[in-house]
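Enquirer: just a sequence and a predicted model for now, questions to come.
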Amino acid sequence: MTSLSRSEADLRTPPTQPSGAWMVVAGQELHDIWLSARGPVIVLAFSLLLSLLTYLAAANKELNILDQKDTVNLIMQITLGIGVAVALLFSADTISGERERETFESLLLTPAPRRQIALGKFLAAVSVWPVIMIVAIPYVWALKLGSGLFADAVAAGFVAGTLLTIAFASIGIIVSIFSNSNRLSLATSFFVFVVLLAPTQLPLSGWFGDFIINVNPVTAGSTFLDRVIVKDQGWGEASNLLIAPILAALIASSVAFVIAGRLRLQAGIDR
Amino acid sequence: MRRSGRSSPGIAGALLAVLLSAAAAVSAPAFAQENGEQAPASDVTVSVSKSEVSAFTGDRFTFTSEIDNNGSRATPPLIANLAFVAIDGETYVDPEDWSPERTYTVGPIAAGSSATQTWTVKPDLEGDVAVYVVALPSAPALATTGPLAASPAIHLHVEEHRSLNPGGVLPVVLAVPGVLALAFAGMRVARNKR
């Protein structure tokens, strides 16, 4: 009887959801990224690009006219751009990639809560940012003018890059949740990134230029680096430029967290 | 009536005279300060510590300039300016790139005294360039002085610096991708062994 009543109770009680499921998912995803060719090849290609740029900046007749601060700023801007883009592309692959490879159904059948599945995938996607940042540090050190510039450049790059990486990896997950095909998810995410990145290459001036710089998280992050590294502004003076990246990170991650709880097999969310 | 008629223009004339003399009294010290009691530009000479320099692109060198007041009165406040002119007709010289500090403000130099400035130059392109220092008065006295005082030119001959290790970056440029490649290869081998 006892055993029978226990079995009935077990049947009535919903299966407990493992609280550490996100760690299992993150571990598996990290394994896929860093022990397959994907992550290492991207990081190696990034280091080769920085090696080429650093050597040209030091040796090339035209490029070495650049002030050392400008060169360090260039390296940090490229690091930030590539770090954010790679994290975005990895995150855009998370859900839609599983759907396309037809492995998402088995993942949804596990007792892992859906938000924890998304959290694990998110953490694996953003893991590329600290690696890219660590790879860039020796190049900044080689080009630095003084220890103050080195510390400012690395700290400013890390803060701006971390905020933008969180924002864009969240956007990638949101897009991926609503996409059935990986191609659509990657194209949409990359399009959003390019649209927000484009104003950094425009000569923005006047009140409209200031508005775009302050509202667009990418231009705000890029201008923050420029002010701290090149224009020697203190963090307090340039801190208003971090508002847009902070808001973007908070809003995008909150939205991703909310809709990740309603993940379903097909594109979209449960209503 | 006649007296008062005579005295009226007299008072007006006196008032006018007082006003004119007051205006003259107000403006006279400034005028005297600018023109009368300070050394004219011809009493100022500028000399430099080097006459010829050979350097490679990217090298830095320093030299000093000395502004001497040979006159009997103090100079007005001066501005010392570093100037570059390509003498080979080919070299493009952008002063911003060649020297981080190109002007110094020099306070009034007493009669018989001098002021020294130190300049740093980093030639960026190969060629032959004249480098010289000009001393000019600050704005209020600028228009009323004579010719500006310039130093003799330093003949700067710059050759292109060809190095396999420019700026000491080569070890980092080679080591970072090398270490990463080895690390990733090691991870792959370890994984395959398992």
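Expert: Arrived safely, thanks for sending. Numbers count the residues shown, from 1 in each chain, chains lettered A, B, ... in the order given.
Enquirer: C-alpha from now on. contacts and neighbour counts both.
Expert: Fine.
Enquirer: which bits of chain B sit near chain A?
Expert: Residues of chain B found near chain A (Cα under 8 Å from any Cα of the partner chain) are B:97, B:124-125, B:163, B:166-170, B:172-174, B:176-177, B:180-181, B:184, B:187-188, B:191.
Enquirer: what subset of those residues is buried?
Expert: When those are checked for burial by 16 or more other Cα atoms under 10 Å in any protein chain shown, the buried set is B:97, B:124-125, B:166-167, B:169-170, B:172-173, B:176-177, B:180-181, B:184, B:187.
Enquirer: mind checking pLDDT for B:Gly13?
Expert: Predicted confidence (pLDDT) at B:Gly13: the value is 46.
Enquirer: wait, I meant B:Leu164
Expert: Value listed for B:Leu164 in the pLDDT field: 72.
Enquirer: in three-state terms, how would it be classified?
Expert: Following DSSP: H, G, I helix; E, B strand; the rest coil, the label given to B:Leu164 is coil.
Enquirer: what is the neighbour count of it?
Expert: The burial count assigned to B:Leu164 is 11, neighbours taken as other Cα atoms under 10 Å in any protein chain shown.
Enquirer: in helices, which of the residues of chain B next to chain A appear?
Expert: Using DSSP state H, the members of the residues of chain B next to chain A that fall in helices are B:97, B:170, B:172-174, B:176-177, B:180-181, B:184, B:187-188, B:191.
Enquirer: from A:Ile134, how far off is the closest residue to chain B within the stretch 1-150 of chain A?
Expert: Here the residue of the stretch 1-150 of chain A nearest chain B is A:Ser51; by Cα to the nearest Cα that distance is 4.5 Å. Applying Cα to Cα, to the nearest Å, the value for A:Ser51 to A:Ile134 is 14 Å.
Enquirer: between these two, which has more neighbouring residues?
Expert: When neighbours are counted by other Cα under 10 Å, A:Ser51 comes out ahead of the other of A:Ser51 and A:Ile134, with 22 against 13.
Enquirer: what are the contacting residues of the host helix or strand of A:Leu107?
Expert: Element membership of A:Leu107, judged by DSSP states H and E, is helix A:104-109. Helix A:104-109 is contacted from outside by A:Ile95, A:Glu98, A:Arg99, A:Arg114, A:Arg264, A:Leu265, using Cα atoms under 8 Å, 6 or more residues apart in numbering or on different chains.
Enquirer: hmm, the last one is touching A:Glu98, no?
Expert: So the one you mean is A:Leu265. No: using Cα atoms under 8 Å, A:Leu265 and A:Glu98 do not qualify as a contacting pair, with a distance of 9.6 Å.
Enquirer: start and end of stretch B:87-95, how far apart?
Expert: End-to-end distance (Cα to Cα), stretch B:87-95: 15 Å.
Enquirer: quick one: mean pLDDT over it.
Expert: For stretch B:87-95, mean pLDDT rounds to 85.
Enquirer: please apply the same query to stretch B:126-142.
Expert: 86.
Enquirer: same question, stretch A:96-110
Expert: Mean predicted lDDT for stretch A:96-110 stands at 85.
Enquirer: flag every buried residue along the helix holding A:Leu107.
Expert: Neighbour-count burial for helix A:104-109 flags A:Phe104 (criterion: 16+ other Cα under 10 Å).
Enquirer: next one: it to chain centre, how far?
Expert: Here helix A:104-109 is found 25 Å from its chain centre; the criterion is Cα atoms, centre = their mean, to the nearest Å.
Enquirer: before we move on, what about stretch A:229-246?
Expert: The chain centroid and the centroid of stretch A:229-246 are separated by 20 Å under Cα atoms, centre = their mean.
Enquirer: span of it from start to end?
Expert: Per Cα to Cα, the first residue of stretch A:229-246 is 20 Å away from its last.
Enquirer: can you pull the buried residues of that stretch?
Expert: In stretch A:229-246, the ones that count as buried by 16+ other Cα under 10 Å are A:Ile229, A:Val230, A:Ala238, A:Leu241, A:Leu242, A:Ala244, A:Pro245, A:Ile246.
Enquirer: what mean pLDDT does that stretch have?
Expert: Across stretch A:229-246, the average pLDDT comes to 89.
Enquirer: just checking that stretch against chain B, any contact.
Expert: No: Stretch A:229-246 stays clear of chain B (Cα under 8 Å from any Cα), getting no nearer than 14.1 Å.
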